[in-house]
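> return a 3D structure for these sequence lines:
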Amino acid sequence: MKIRIAIFLVLALVLLLTLAAAAKTGDDGKDKDKDTSGARTGVSQDDTARLQGEQRFRSNCARCHAAPPKFAPRMMGTIVRHMRVRATLTDEDARLILRYMSH
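Below is the predicted model of the structure:
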């Protein structure tokens, strides 16, 4: 008799957890708590950062330089750090330019 009660309680717990998980997700099976604002607009945060990096490159670097060919990410980081000092770029400018140059 005690085994039947234990089995019943376990099954009831599994059912409750399943219902809680189903309530958390929408009809399409996607998690409601996740932020999908970038997916709705068609532009991800990575794309936005690259666009901002391109704008910063044009306003700060393109005065003297054409966009260099692709370099290894480590080398590009060294170049951007060096130019940050020479061109007095802000930390955010350097970060966004590096993201633009790395992709």
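
> what kind of secondary structure is the spatially closest residue to Arg81 that is not a sequence neighbour in?
Take Arg81 and drop its neighbours on the chain: the residue closest to it by C-beta to C-beta, 6 or more residues apart in numbering is Ala94, 7.1 Å away. Placement of C-beta: from N, CA and C, glycine included. Using DSSP: H, G, I helix; E, B strand; the rest coil as the criterion, the local structure at Ala94 reads helix.

> do you know how far Ala94 is from Ala67?
Using C-beta to C-beta, to the nearest Å, one gets 16 Å for the distance from Ala94 to Ala67.

> let me know the pLDDT of the residue nearest to Arg81.
As summarised for this prediction, Ala94 has a pLDDT of 92.

> near it, how many other residues are there?
Using other C-beta atoms under 10 Å, Ala94 is surrounded by 20 other residues.

> buried stuff in stretch 95-103?
Buried residues in stretch 95-103, counted by 16 or more other C-beta atoms under 10 Å: 95-101.

> those residues in helices, which ones?
Cross-referencing the buried residues of stretch 95-103 with the helices (criterion: DSSP state H) gives 95-101 as the overlap.

> closest to Ala72 out of the residues you listed?
Checking those against Ala72 with C-beta to C-beta, the nearest one is Met101 at 11.2 Å.

> in this protein, which ranges drop under the pLDDT threshold?
Along the chain, the model assigns pLDDT under 70 to residues 10, 12-17, 19-43.

> for it, which segments count as helices?
In chain order, the chain shows helices spanning 2-24, 37-41, 45-56, 73-86, 91-102, with DSSP H as the criterion.

> any chance of these in a markdown table, with distance to Ala62 too?
Supplementary listing: these in a markdown table, determined by distance: least, C-beta to C-beta, whole Å:
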| stretch | distance to Ala62 |
| --- | --- |
| helix 2-24 | 48 |
| helix 37-41 | 27 |
| helix 45-56 | 10 |
| helix 73-86 | 12 |
| helix 91-102 | 11 |
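
> just those: most buried one?
Sort these by mean neighbour count, taking mean count of other C-beta atoms under 10 Å, and helix 91-102 sits at the top with a mean of 18.
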